[in-house]
Each structure stands twice: as structure tokens, then as C-alpha cells.
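In: sequence and computational prediction follow.
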Amino acid sequence: MKFNSVQEGYNSFLAYLAKNNCVKEETIIGLEATGHYWLTLFEKLKTDGYTVYVLNPLQVDSYRNENIRGAKTDLIDCQLIAKVLRFGNGRSTELPQEDLFALKELCRFRADLVKRTTQLKLKIIAVLDQVFPEYETIFKDIFCKTSKEILKEYTTADMIAEEELDKLTEVIRTISKSQFNEKHAQKLSVKAKQTFGLKYGLDAFSLKLRCLIEELDHLDREIKLLEKEIEIAVAKQHTKLTTIPGVSTVVAGTILGETAEYHKDNPDPRSLLAYAGLDPKIRESGKYAGKMKMTKRGSPYLRYAINVAAFYAAFHEPMFMKVYKKQRGRGKLKAVALTYVAKKMAYVIAAILRTNEPFRPKE
């Protein structure tokens with residue numbers, strides 16, 4: 001049957017279960033964790049006392065190979081989910097701890113906003129490359145506060161070139177709080193007059209640049225707001241993860257949120273590698289042995305958090321530096337050597353999640 005994800009639709013589903021004599025104590029309901037609709041249904045079913053298995057789409061998809069044609073329809077998917085429940089190694093899924101669930105949502109949303117800021121910056125660079133390509137030679141970081149304010153004030157090279165040097169100097173000095181002076185203003189003016197940039201359609205580029213920068217500023221404010229909330233949420237967990245070099249409050253929050261199930265079950269540390277998709281994918285057949293790669297079949301947010309921490313620790317913490325240098329000494333590429341550091345980082349994180357003791361490097 002099909003039903004809408006509203007209370008009336010849910011009631012019709014319960015009526016369907018009752019009509020087919022599905023007793024709560026004897027019924028297992030399987031859901032595929034795709035999209036966002038499953039979460040509401042999952043919460044309702046658990047609250048009403050049903051046993052629910054939430055399945056990874058990869059688990060279900062693995063049974064699709066039984067059909068040579070590899071067909072995919074809603075009916076076939078339902079049958080595959082039923083097969084996983086009957087023959088697979090599924091188990092009842094529980095609602096994660098509420099504060100950890102909220103922390104995961106905050107950290108994921110922040111990560112998405114950061115990704116959007118990167119896209120905006122690329123668009124801003126693309127505009128500048130067209131109308132004022134020399135601008136990047138003025139500032140080491142064109143997205144620093146001073147640079148962005150200047151671009152808001154003067155959105156084209158012509159506006160800078162036509163401005164009197166004294167006025168331009170005063171504007172730059174005021175915006176930068178005297179960190180930039182007449183020397184910088186003069187250099188900017190000269191570059192603007194000699195620019196290789198476009199000379200037509202500037203009104204459109206000017207408006208586009210102003211809108212992009214204002215949107216970037218808005219996202220920056222939202223990210224700072226989220227980071228404050230994440231800091232508060234992480235503090236409530238009393239975690240010792242932040243004692244690990246490279247694990248910031250945001251990284252710690254991401255780890256705690258993404259490993260809510262891990263906290264509950266406290267499995268082998270190798271499970272954390274699998275959660276993050278950092279476990280190896282082995283390809284062997286007879287005498288053939290393929291290259292070993294990471295599966296990357298796990299939470300991309302958790303994987304990114306561990307990799308960020310590993311990257312910092314590889315160059316600042318002796319214990320992790322030793323792992324990195326050892327692999328580099330074996331001729332491994334930098335990126336490959338860092339994967340070994342990430343694996344070590346995952347084991348350290350697992351130990352702290354288990355014991356909640358502060359990080360103590362081993363000599």
C-alpha cells in the first residue's frame with residue numbers, strides 16, 4: 001500500500017496492519033534510510049511500540065543482484081527489504097539520544113553551509129577574473145574583511161580608477177582600521193587603471209558581485225551562530241575528545257553526533273572505521289590481489305572530521321607524526337600516508353569514546 005507522510009496517512013497504515021492481523025509483538029517493520037521521510041515514520045512506529053529495522057540502502061541493494069536484470073521499482077524494493085529482514089543480520093533500531101541527534105543535525109547543517117560558502121567564493125573569484133583579474137595581487141586573502149568591504153564599496157575596477165586617491169586612501173584606512181594605508185590605495189588605483197578586465201556589461205557584473213558578497217557575509221554569520229550552539233551542545237557531553245590534537249569543538253561535535261549508535265553499542269574500534277568508511281576494501285581472487293582502497297561507505301561527515309583531525313595531528317603531534325613519517329619512509333604518497341594517520345586517529349577516538357579519558361600520547 002501507499003500512504004502520505006501525514007497523520008491521516010499513518011492512521012491508514014496502522015489500519016492496514018490491523019486488517020492483516022499484524023500484532024505488535026510479532027511484527028518487524030523494515031525501513032530503508034533514504035531521503036528524509038523515513039525518520040518521522042520511524043519515530044511514530046517506535047513510539048507506538050513496533051519493532052523497526054532501519055536498513056542502509058547498500059544492504060538492500062546487495063540483494064538486487066539476485067535478479068540478473070537489476071530491475072528497480074517500489075514493489076521490488078519492498079520485496080528486497082523483506083528478504084533482508086528474513087535472511088539478513090538486521091537488528092532493531094533505536095532512537096538515538098536526543099541531544100546527540102540534535103548535535104548531528106547542527107554539525108551537518110554547518111558543514112553544508114561551509115560547502116556553500118566555498119561555492120560562493122569560487123563564483124566571486126570567477127567574477128573578479130573577468131572584470132578585475134589584478135585584484136588578487138593586492139590582498140593575500142581576497143575574502144578578508146577589508147577586501148570584502150572594499151568590493152562592496154567599489155564593485156568594478158572603473159569605480160576604483162575614477163576615485164580620488166585621497167578619498168580611496170581614507171576609505172581603505174577606515175575599513176581596515178589603519179592596517180592598510182596610502183601605499184595600498186595607490187597600488188589598487190594603479191592596478192584598476194591598467195586592468196585587463198572586461199569593459200562592457202559592468203552593471204550586471206557589479207550587481208552580481210555585490211549580491212554574492214552579501215550572501216557570503218550572511219552565511220558567515222549563520223556559521224558563527226551554529227558554532228556557538230555546537231559549542232554549548234558539546235560542553236553538555238563533557239567529552240574528552242577535544243584533548244586530541246586537531247579535534248576542535250566542531251570536529252568533536254561531528255564525531256559525537258555521527259557516532260550516536262556507536263556510543264550505545266560500544267563495539268570493536270574497527271567498527272568506527274566502518275562507520276566512517278575508512279575500512280579497507282579487499283579485492284583478491286586466486287593469485288590476483290588488487291589495490292587495497294578505502295570503502296568510503298560510511299558517514300562522509302564523520303570521515304571528513306577524522307581526516308581533518310588526522311591532517312593537523314600528522315604535523316603537530318609526535319605520536320601521529322611518527323606514523324606519517326614511517327609511511328613516507330616506505331615511499332608512500334602524502335595522501336596515502338595520511339590515511340594511515342586517519343586510521344590511528346580513529347583508534348584513538350574510539351578509545352576516548354569508550355573510556356572518556358583525556359588523550360595521552362604513547363612514546
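Out: Happy to help now that I have it.

In: secondary structure class for the closest residue to residue 109 other than its chain neighbours?
Out: Once its chain neighbours are removed from consideration, residue 109 has its nearest residue in residue 226; the separation is 6.4 Å (CB to CB, 6 or more residues apart in numbering). (C-beta placed from N, C-alpha, C; glycine too.) What DSSP: H, G, I helix; E, B strand; the rest coil gives for residue 226 is helix.

In: quick one: contacts for residue 226?
Out: Taking CB atoms under 8 Å, 6 or more residues apart in numbering as the contact definition, residue 226 lies against 106, 109-110, 113.

In: would you mark the buried spots in the strand or helix carrying residue 105?
Out: Take DSSP states H and E as the rule and residue 105 turns out to sit in helix 98-131. Buried residues in helix 98-131, counting neighbours by 16 or more other CB atoms under 10 Å, are found at 100, 103-104, 106-108, 110-111, 113, 117, 120, 123-124, 127-128, 130-131.

In: for that helix, packing partners?
Out: Contacting helix 98-131 under the criterion 3 or more CB pairs under 8 Å, 6 or more residues apart in numbering; DSSP states H and E are the following elements: helix 202-237, helix 249-258, helix 260-265, helix 300-316.

In: rank those helices by pLDDT, which is bottom?
Out: In terms of mean pLDDT, the lowest-scoring of the helices and strands packed on helix 98-131 is helix 260-265 (a mean of 63).

In: now what about whichever helix or strand comes after it, what contacts it?
Out: Sequence-wise, the next helix or strand downstream of helix 260-265 (DSSP H and E) is helix 269-276. The set of residues that contact helix 269-276 without belonging to it, under CB under 8 Å, 6+ apart, is 258-259, 261-262, 265, 279, 295, 298-299, 302-303, 306, 343, 346-347, 349-351, 353.

In: let me know the angle separating helix 269-276 from helix 249-258.
Out: Orientation check (axes from the mean of the first three to the mean of the last three CA atoms, to 10 degrees): helix 269-276 against helix 249-258 gives 100 degrees.

In: now the angle from helix 269-276 to helix 300-316?
Out: What separates the directions of helix 269-276 and helix 300-316 is an angle of 120 degrees, with the same axes, to 10 degrees.

In: now the spatially closest residue to residue 188 that is not a sequence neighbour: how far from residue 95?
Out: With sequence-adjacent residues excluded and distances taken as CB to CB, 6+ apart, residue 188 is closest to residue 138, at 5.3 Å. Applying CB to CB, to the nearest Å, one obtains 53 Å for the distance of residue 138 from residue 95.

In: more crowded one of these two?
Out: In terms of neighbours (other CB atoms under 10 Å), residue 138 is the more surrounded of residue 138 and residue 95; the figures are 17 against 13.

In: list the contacts of residue 85.
Out: Neighbouring residues of residue 85 by CB under 8 Å, 6+ apart: 28, 30, 53.

In: ditto for residue 173
Out: Taking CB under 8 Å, 6+ apart as the definition of contact, the neighbours of residue 173 are 180-181, 185.

In: do you know the pLDDT at it?
Out: 92.

In: same question for residue 186.
Out: According to the per-residue confidence, residue 186 scores 93 in pLDDT.

In: check residue 268 too.
Out: Per-residue confidence (pLDDT) for residue 268: 68.

In: that older thread, just the buried subset of the contacts of residue 85, please.
Out: Buried residues within these, counting neighbours by 16+ other CB under 10 Å: 30, 53.

In: cross the contacts of residue 85 against strands and list the overlap.
Out: If you go by DSSP state E, the contacts of residue 85 have 28, 30, 53 in strands.

In: format those residues as CSV; extra columns: pLDDT and distance to residue 73.
Out: Conversion of the ones in strands among the contacts of residue 85 to CSV gives the following (pLDDT from 0 to 100; distance: CB to CB, whole Å):
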residue, pLDDT, distance to residue 73
28, 91, 22
30, 91, 17
53, 92, 21
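
In: so this protein: which segments form each domain?
Out: Domain assignment for the chain, taken from automatic domain parsing, gives 7-95, 100-229, 238-355.

In: now the end-to-end length of the first one.
Out: Between the opening and closing residues of domain 7-95 we find a distance of 20 Å, counting by CA to CA, to the nearest Å.

In: grab the nearest non-local neighbour of residue 95.
Out: In space, and not counting its chain neighbours, residue 95 is closest to residue 46: 5.8 Å by CB to CB, 6+ apart.
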